[in-house]
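**Student:** Here is a sequence with its predicted model. Questions after.
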2 protein chains.
Amino acid sequence: MNYKKLDHEDIKVLSSYVDEDRIFTKENIEKNFSHDELGTVSAYPDLHIFATSKEEISLIMKYAYQENIAVTVRGAGTGLVGACVPIHGGILLDTSKMNKIIELDKTNLTLRVEPGVLLLDIYECVEKEGLFYAPDPGEKTATIGGNISTNAGGMRAIKYGVTRDWVRGLEVVLPDGSIEKFGGKVVKNSTGYGLKDLIIGSEGTLAIIVEATLKLIPKPLKTVSLLVPFENREDAISAAPKLIMDHVLPVAVEFLEKQSLQYSEEFLGKKIPHNNFEAYLLLSYDGNNEKAIDEDIEKASKLCLEKYNAIDVFLVDTEERRSSVWNVRGGFLEAIKASSDEIDECDVVLPRSNISEFLKYVRILSEELDIRIPYFGHVGDGNLHIYFCKDSMPKDLWNEKIEKGFKLMYDKAFSFGGLVSGEHGIGFAKKAYMKTLLGENQLRIMKGIKQSFDPKNILNPGKVI
Amino acid sequence: MNYKKLDHEDIKVLSSYVDEDRIFTKENIEKNFSHDELGTVSAYPDLHIFATSKEEISLIMKYAYQENIAVTVRGAGTGLVGACVPIHGGILLDTSKMNKIIELDKTNLTLRVEPGVLLLDIYECVEKEGLFYAPDPGEKTATIGGNISTNAGGMRAIKYGVTRDWVRGLEVVLPDGSIEKFGGKVVKNSTGYGLKDLIIGSEGTLAIIVEATLKLIPKPLKTVSLLVPFENREDAISAAPKLIMDHVLPVAVEFLEKQSLQYSEEFLGKKIPHNNFEAYLLLSYDGNNEKAIDEDIEKASKLCLEKYNAIDVFLVDTEERRSSVWNVRGGFLEAIKASSDEIDECDVVLPRSNISEFLKYVRILSEELDIRIPYFGHVGDGNLHIYFCKDSMPKDLWNEKIEKGFKLMYDKAFSFGGLVSGEHGIGFAKKAYMKTLLGENQLRIMKGIKQSFDPKNILNPGKVI
C-alpha cells in the first residue's frame, strides 16, 4: 500500500483546520501515542491531531481522501491488539478530546455522546439520574468510541448483553469526509442493511464514529455479589452453567483462581477476605425488588452449597467488601502485566460448556511449552483472558513459543466452536488467527465491505482484514 | 437485469437435486406462492422448489450462480412488503419444509433450528423446558428464517429487544453455493466485521439462512397484563414513556384505540371486557418472583391512576381474560384487512416521545385525504402499524392517495428522527422511502455490500436496495 508521506504543504493545510495546540508533528509526538495498552506493536504517525468536532474530522478526511493519506483513529489507547497503532504512518486522529455528553433524553431513555467520553463518565452521568448503561468492560477509562469499535463485552454480558446491544444510533464520518447517520433514538429498526451494526466492532476501519446514541434503562435498585470458593477449578467452572440454568439469571459470573488472585493482591497491596481457596466464582445478582434479590441470593447460595460442591458462600454486601473484591478482580490485567517483562494475551470466547476442558488444555500447554500462562475469565459468557508471560526468556525463544502456543490454543478453541475474540477485537495482532478460523470466503466478503466504505483503503489500513 | 429464463435443461438439472414432489413448474404453482400476506405485489416464479437440506440449497445455488438464474427465498409468506415475491421470476426457493429443531442445548442456553421452524413451535419447544425465547412478533406462524431476515421486533422489545438480540449464530448458503458459519453458541464476538448482524434484516438478499442458533434464557415464572383505559388518545400515549421511566420496566406497552378494537372484536366475534373506552394501554410485566411482580403491578396501577390520568386499571390475570384481550390485540391486522377490499401499511418507527404528535398528524392526513387510516402500535418502543384502507375507491384515486399520503407521513416521521421500518422491512414496497431517508451515500455502501455477497445479483433481486 502506497500512502502519501506527509509533506510541508499537507501539514500546512491540515494545520489550518485545527488549533495549533492540537496538532503535533513527528518529532513532538509522545511515545505513548505510538502504541496501545499492551504495546505488542508500535509505530509513530507523521501527524497527531486531537480533533474536537465532527466538522473538523470531515475536513481532515476530505483532505486525506483526496491526497491518499493513511488515517488511524485513537481513543484512550486502552486496546490490546494494536488497532489504534498507525502502522502505515500518516495521521493519528485522536478523538479523546471529543468528550462531551450531548444529551440525556429521559423520555426516550437514550444518551447522546461524543466518541471520546470515558465509560466511567457515562456511568456517573446516567446513574445519578437513576438510569443505567449496562455494558461493563473491565477498563473504565476506555472511550465509548473504542468500546463501540471493539464491541466491548465486559462482566454483565450474561444478563445485559454487550456494547452492540446498547447502541441505538451512530453518526460517522466516512473516509471521503461525508457525514452519515445510522439508526437513531428508535428501539427497532428494519430499514435496510444493518450499517450501524457493521460499524460496531469494525475497529476504526470502516468509518469514524463522531457521535453515539446509547440505550439506557432504569437503574436496578440493588446489586449483590457472592464470593463462592471451591476446592478446585473444575468444580467452580462446572457450577457456572448450572447456576445460569437454574432460574436465577445472574448479572455476572466471574472465575478467579488462587494464582491470579495472588498476583493482583500483591500488585494492589490489598487482600480480599477469604483469600485462601483454590478457585472461586464471583457472582452478581441485581433487581428492583430488595426481597426478590434476597431470595435469588438465598437460592443461589443453597444451590452452590448443596448441589455444586461449593465450600462456602460469602456475601459481598458492604461497600468495603465490594470494593476490595471487585478491585482485586479489576486488577488482574495490570497485575499480570507487572509480573513479567512482556506479555501477550488472547481473549478467546467459547461455548460455556467447553470452558473446563479448554482450560485443562491450557494448563497442559503451559507445562509442555514451559511458559507461565495465567488466566481469568467471564465463565458465565465463555470469554477467557489468557496471558502468556515472557518472564525474561530470550526474545527468539519467546516469539517461537508464542507462535506455537497461540496456534495450538486457538486450534483447540476452534474445535469447540470458539472464536478468536470475545471482546478485544482483531486489530493487528489477531489477523492471522481470524483468517484461519473464517477462511477465504468470509475474508473476501469482509474485504468487499471494506471496499464499499473505504475504496482507497486509507482508514486504519492493515487492521482486521 | 438479465436473468436466464429457465429452459427444459435447467429444470432437468434442478429436478435431479430434489424429490419430484417438491418441485413445481410454472403451470403447477399455486397462486398463494405468487404474493405475500399483504399481496401488494405479485409475480410467479418459473420454478417453485421446497428445499429440505442445506446441501440441496448449496447444489441449487451453485447451478443458479453458474447459469445466472434469479433465486428468491420464501418462508411462510407472512411478510408485508413483498420481500418473498420473485419479481424477476426464476426459482422460488421455499424453506418452509426445513422445519426441524436441531438441538436444545441447556448448558449453553441455545436452540439450533432450521429456517422453516415456526415461531409458535419454538415457543412450545423451549417453554416446556422452562426456557424462553423472548421476541414476540404478532404473527406466530412466521418462520424463524423470515423473522431473522426482517429483524422482526414484536411486543416485548422494550424489555427484551428484537430478533437481532436473540441470534447468536447463523449458517448460510452464499449465492455461489458455498456454506458459511457466522458466530456460534458464544455469548460475545468481536472477531471481524459483524457478518451475522448483516444477514439479520437483509431480507434474503445477501445469503440464504439454513440454520440459526438462538439465545434462550430461563423462562420468567409469571407474566401479568394490565388493561388501562384512558379518556383520550393523548393521555394514553403520553403515559407510556412516563411509565417506562418510573423504575418499573414493562415487557410490553401496547396502544389500542376504540376503533381498532371494534374492528377486531367484530372480526373475531369476541369482545374484550371493559371495551367501552376511547383509548387503552395494554401493559405487561414479568419476572421470577411473584411478590415482586405484584408490587410492580401495584406501583404501575397507582402511577396510572394517580399521575397519568387513567380512568381505571383492569387486571388481566385469568387465562380467559388473557386470551380474550391478547387475541383481540393479535387480530388487528386481520380485522383491518377484512374491513376493506385493499389496504396498504407502514410500520414506521419513531422516538417514543414523538408518537403522540405524529399520530395527531396521521389523523389530520386522514381527514385531508379523505381516507380511512386505522392504526395501532407498540407505543413502548415507538413502532406503529398504520393502515391505509382503499374502501372501494377507484384504483387510480387510491394509488394517488397512497403515494401522496405515504410521502407526507414518512416526511413527518423523518422530521422526528423516525425510520421507514421498525420490523417489517423494506422488501419491494418501501424502497423509495428508504432511498429518501438514507440518501445516496448509504445506498452506495449497501450496494457495495450486496456486491460482496452476491456479485451476480441473483439473490432476491430488486429488493431492499
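**Tutor:** Arrived safely, thanks for sending.

**Student:** alpha carbons only for contacts and neighbour counts from here, please
**Tutor:** Noted.

**Student:** The lengthiest helix in chain A near chain B anywhere?
**Tutor:** When chain A is scanned for its longest helix (criterion: DSSP state H), the result is helix A:431-453. Yes. Judged by CA under 8 Å from any CA of the partner chain, helix A:431-453 and chain B are in contact via A:434, A:441-442, A:444-446, A:448-449, A:451-453.

**Student:** Buried by neighbour count: which residues of that helix qualify?
**Tutor:** Burial within helix A:431-453, assessed by neighbour count using 16 or more other CA atoms under 10 Å in any protein chain shown, is assigned to A:431, A:433-435, A:437-438, A:442-443, A:445-453.

**Student:** Turn the residues of helix A:431-453 next to chain B into CSV, columns for distance to A:Lys463 and pLDDT.
**Tutor:** Converted to CSV, those look like this (distance: CA to CA, whole Å; pLDDT from 0 to 100):
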residue, distance to A:Lys463, pLDDT
A:Met434, 12, 97
A:Asn441, 18, 97
A:Gln442, 16, 98
A:Arg444, 15, 98
A:Ile445, 15, 98
A:Met446, 12, 98
A:Gly448, 15, 98
A:Ile449, 14, 98
A:Gln451, 14, 98
A:Ser452, 16, 98
A:Phe453, 15, 98
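
**Student:** can I get those in CSV with distance to B:Glu265?
**Tutor:** Compiled in CSV, the residues of helix A:431-453 next to chain B are given as follows (distance: CA to CA, whole Å):
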residue, distance to B:Glu265
A:Met434, 56
A:Asn441, 53
A:Gln442, 51
A:Arg444, 54
A:Ile445, 50
A:Met446, 51
A:Gly448, 52
A:Ile449, 49
A:Gln451, 53
A:Ser452, 50
A:Phe453, 50
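
**Student:** Return the closest of those residues with respect to B:Ala70.
**Tutor:** The closest of those to B:Ala70 turns out to be A:Ile445 (CA to CA; 20.5 Å).

**Student:** Can you verify my assumption that the closest one contacts B:Ser452?
**Tutor:** Yes. Using CA atoms under 8 Å, A:Ile445 is in contact with B:Ser452, at 5.1 Å.

**Student:** can you pull out the helices in the stretch 201-350 of chain A?
**Tutor:** Shown for the stretch 201-350 of chain A, the helices assigned by DSSP state H, counting those that start in this stretch span residues A:233-245, A:258-268, A:290-306, A:319-330, A:332-338.

**Student:** which residues sit against the last one?
**Tutor:** Outside of helix A:332-338, the residues within contact range by CA atoms under 8 Å, 6 or more residues apart in numbering or on different chains are A:260-261, A:263-264, A:266-268, A:343, A:374, A:376, A:387.

**Student:** repeat for the second one
**Tutor:** Helix A:258-268 is contacted from outside by A:271-272, A:275-279, A:328-329, A:331-332, A:334-336, A:338-339, A:374-376, using CA under 8 Å, 6+ apart.

**Student:** Buried members of those into PyMOL, please.
**Tutor:** In PyMOL, selecting the buried portion of the contacts of helix A:258-268, with burial taken from 16+ other CA under 10 Å, looks like this:
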select buried, chain A and resi 271+272+275+278+279+328+329+331+332+335+336+339+374+375+376
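
**Student:** interface residues of the stretch 251-400 of chain A facing chain B?
**Tutor:** A:288-289, A:291-292, A:349-353, A:381-383.

**Student:** Counting neighbours, what do you get for the residue in the stretch 51-200 of chain A that chain B sits nearest to?
**Tutor:** Among the residues of the stretch 51-200 of chain A, A:Asn189 lies closest to chain B, at 4.4 Å counting by CA to the nearest CA. Around A:Asn189 sit 29 other residues, with neighbours defined as other CA atoms under 10 Å in any protein chain shown.

**Student:** Which of the residues of the stretch 251-400 of chain A next to chain B are buried? Put it as a PyMOL command.
**Tutor:** Command for PyMOL that selects the buried part of these, burial taken from 16+ other CA under 10 Å:
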select buried, chain A and resi 288+289+292+349+350+351+352+353+381+382+383
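
**Student:** Tabulate the residues of the stretch 251-400 of chain A next to chain B (a markdown table), appending pLDDT.
**Tutor:** As requested, these are exported to a markdown table (pLDDT from 0 to 100):
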| residue | pLDDT |
| --- | --- |
| A:Asn288 | 89 |
| A:Asn289 | 90 |
| A:Lys291 | 92 |
| A:Ala292 | 92 |
| A:Val349 | 97 |
| A:Leu350 | 97 |
| A:Pro351 | 96 |
| A:Arg352 | 93 |
| A:Ser353 | 93 |
| A:Asp381 | 92 |
| A:Gly382 | 94 |
| A:Asn383 | 96 |
